[in-house]
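> Build me a model:
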Amino acid sequence: MLDIKSLQIFEKVASLRSFTAAAHALGVPKSNVSRAIARLEGELGTRLFQRTTREVALTLTGQALHERSTGIIANLSDALTYVRDLAGQPRGLLKISAGVGFGVNVLAEQLPEFLLLYPDIEIGLDLNSRPADLVAEAVDIAVRMGPLQDSGLVAVKLGEMRRYLCAAPSYLERRGRPSSISHIPHYDTIEMPGPDGRPRPWTFSRGGQTVRVEIKPRLSVNEALTINRLVTNGAGLGILSGYICAPQIAAGQLVDVFPDWSPPPVEVNLVFPSRRELSPVVRAFVDYMKQVSRPGTLWMDDPLAVASTA
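Numbers count the residues shown, from 1 in each chain. Predicted coordinates for the structure are as follows:
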């Protein structure tokens, strides 16, 4: 009889075209992956992969099995996990993907309490500056900032994060403070590249007025926490998240360059693959994050935003 575990491992190798990548995604030794594929090939009496030192390719029978089994395996795995978890506390491995800054400043603070609440849950936390492919990398849930590109994902909005155009006092002493939004391109700017690799325009609002500024970054960085450090150390102007920069502004380490103008806030969402039944482990994490994501806590703790609405 075919083993569901072997079929799950086959599906992962077939999707990633790599025994090593499949082992990493599943959190098991590569030798386990090789044995599972050999066992499955023995049961079926046929080779499923052509292996060389450079690549792994599906055979015709492997391609046929992959095309016909992927959805069945995913649904069966979800059903088994869901039924097991109904028997008691949510249990099992929860794979989370998030940006480096959110992981360091938020999840590292919140996850210890979550683990205390759910002692049978294990967590694999992947921090990366690029959005993970949730299906290919077997990620259960991800924290995404800003507009969502993939309509195939289910999103739960946690809230919005205010941002500010900031500079270090030392930089403004050296270059002078810009007198208007239109002067920003004449200064050193620090920004993340857009999805297409091109510079992102900056947008500011005041009342009903909106201004768009095209910039050519002096420094292009793919990680928000590094941008904060560069701005703090006097490298130029940058748009920073309020929960990180507001305390620095209050302490005089940073200057809000245009207090009357606001960059658009960034949405913070939890996203996960669309499934009919959400596993209890994922549901527990979603409920917990909704509970702790309230004004005055961690990434929603922005004293400048509170003062502006008082």
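
> Give me the distance between Pro178 and Leu172.
Using CB to CB, to the nearest Å, Pro178 is found at 9 Å from Leu172. For glycine as for every other residue, the C-beta is placed from the backbone atoms N, C-alpha and C.

> Identify the contacts common to these two.
With contacts taken as CB atoms under 8 Å, 6 or more residues apart in numbering, Pro178 and Leu172 have Val257 as neighbours in common.

> Can you show me the strands along this protein?
With strands called from DSSP state E, the chain shows them at 49-51, 56-58, 92-98, 121-127, 141-145, 153-161, 163-167, 189-191, 202-206, 209-213, 219-220, 237-241, 255-256, 266-273.

> neighbouring contacts of the fifth one?
What that stands for is strand 141-145. 94-99, 102, 107, 131-132, 134, 155, 161, 266-272, 282, 285-286.

> Mind giving me the PyMOL command for buried ones among those residues?
The buried residues among the contacts of strand 141-145 can be selected in PyMOL (16 or more other CB atoms under 10 Å) with this line:
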select buried, resi 94+95+96+97+98+99+102+107+131+132+134+161+266+267+268+269+270+271+272+282+285+286
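
> Which helix in this structure has the most residues?
Identified as the longest helix of the chain according to DSSP state H is helix 60-86.

> now it: how far from the chain's centre is it?
25 Å (CA atoms, centre = their mean, to the nearest Å).

> Quick check: the nearest residue to Gly62 once chain neighbours are set aside vs Thr59, distance?
Among residues not flanking Gly62 along the chain, Leu48 sits closest, at 3.6 Å (CB to CB, 6 or more residues apart in numbering). Distance from Leu48 to Thr59, counting by CB to CB: 6 Å.

> give me the number of residues near Phe19?
Neighbours of Phe19 under the rule other CB atoms under 10 Å: 19.

> I should have written Pro259 there, sorry.
Residues lying near Pro259 (other CB under 10 Å) number 12.

> What of Thr210?
11.

> roughly how far apart are it and Pro178?
18 Å.

> repeat for Lys157
Applying CB to CB, the value for Lys157 to Pro178 is 34 Å.

> sorry, back to before: select, out of the strands of the chain, the one closest to Ile4.
Proximity to Ile4 (CB to CB) singles out strand 92-98 among the strands of the chain, at 15.0 Å.

> what's in contact with the closest one?
Counting by CB under 8 Å, 6+ apart, 27, 81, 84-85, 107, 120-128, 131-132, 134, 137-143, 279, 281-282, 285 sit against strand 92-98.

> Give me the most central residue, this protein.
Note on the chain: the residue nearest the mean C-alpha position is Ala98, at 3.0 Å, using CA atoms, centre = their mean.

> and that one, what are its bridge partners?
Leu127 (DSSP bridges).

> Got phi/psi on Gly236?
Dihedral pair for Gly236: phi 160, psi -160, per degrees, to the nearest 10.

> now it: how far from Pro273?
Separation of Gly236 from Pro273 (CB to CB): 39 Å.

> Also Ala64?
Counting by CB to CB, the gap from Ala64 to Pro273 is 24 Å.

> before we move on, the earlier item: could I get the strands of the chain as JSON lines with mean pLDDT and distance to Ala22?
What follows is the strands of the chain, written out as JSON lines (pLDDT from 0 to 100; distance: least, CB to CB, whole Å):
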{"stretch": "strand 49-51", "mean pLDDT": "86", "distance to Ala22": "11"}
{"stretch": "strand 56-58", "mean pLDDT": "88", "distance to Ala22": "9"}
{"stretch": "strand 92-98", "mean pLDDT": "92", "distance to Ala22": "14"}
{"stretch": "strand 121-127", "mean pLDDT": "94", "distance to Ala22": "15"}
{"stretch": "strand 141-145", "mean pLDDT": "91", "distance to Ala22": "20"}
{"stretch": "strand 153-161", "mean pLDDT": "88", "distance to Ala22": "22"}
{"stretch": "strand 163-167", "mean pLDDT": "96", "distance to Ala22": "39"}
{"stretch": "strand 189-191", "mean pLDDT": "96", "distance to Ala22": "36"}
{"stretch": "strand 202-206", "mean pLDDT": "95", "distance to Ala22": "41"}
{"stretch": "strand 209-213", "mean pLDDT": "95", "distance to Ala22": "45"}
{"stretch": "strand 219-220", "mean pLDDT": "94", "distance to Ala22": "33"}
{"stretch": "strand 237-241", "mean pLDDT": "95", "distance to Ala22": "35"}
{"stretch": "strand 255-256", "mean pLDDT": "96", "distance to Ala22": "48"}
{"stretch": "strand 266-273", "mean pLDDT": "90", "distance to Ala22": "18"}
